[in-house]
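Asker: for reference, the sequence and a predicted model appear below.
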Amino acid sequence: MKRTKFPSDWNEERVKKVLAHYESQSEDEAVAEDEAGYEAPGQTVMEVPTDLVPAVRELIANRKSV
């Protein structure tokens, strides 16, 4: 069996908890969670051209590590 490599702050238990959370959600709960993301203070949701996604991810990663 192939071992999965997780990011440094993740492990198999955490992945299982996240999967269980999303797999047990009703459709209404999932929609409510998605909609709440658009209303989160200090956050902005925007469309980004697909070819720019790697650059945006890098900017976010650098910002969080500062």
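Answerer: Looks like it arrived, so ask away.
Asker: so where's this structure uncertain?
Answerer: 1, 64-66 (pLDDT under 70).
Asker: go with 80
Answerer: Within the chain, the set of residues satisfying pLDDT under 80 comprises 1-4, 64-66.
Asker: could you pull out the helices in it for me?
Answerer: Along the chain, counting by DSSP state H, helices occupy 12-24, 27-38, 53-64.
Asker: what's the first one in contact with?
Answerer: In other words, helix 12-24. Around helix 12-24, the neighbours that count as contacts under C-beta atoms under 8 Å, 6 or more residues apart in numbering are 4, 6, 30. C-betas here are computed from N, CA, C, even on glycine.
Asker: reformat those as CSV; add distance to Pro54.
Answerer: What follows is the contacts of helix 12-24, written out as CSV (distance: C-beta to C-beta, whole Å):
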residue, distance to Pro54
Thr4, 22
Phe6, 21
Ala30, 27
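Asker: drop anything exposed from those.
Answerer: Restricting the contacts of helix 12-24 to buried positions leaves nothing, with burial counted as 16 or more other C-beta atoms under 10 Å.
Asker: rewinding a little: can I get the helices of the chain in JSON lines with distance to Val45?
Answerer: Supplementary listing: those in JSON lines, determined by distance: least, C-beta to C-beta, whole Å:
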{"stretch": "helix 12-24", "distance to Val45": "19"}
{"stretch": "helix 27-38", "distance to Val45": "5"}
{"stretch": "helix 53-64", "distance to Val45": "13"}
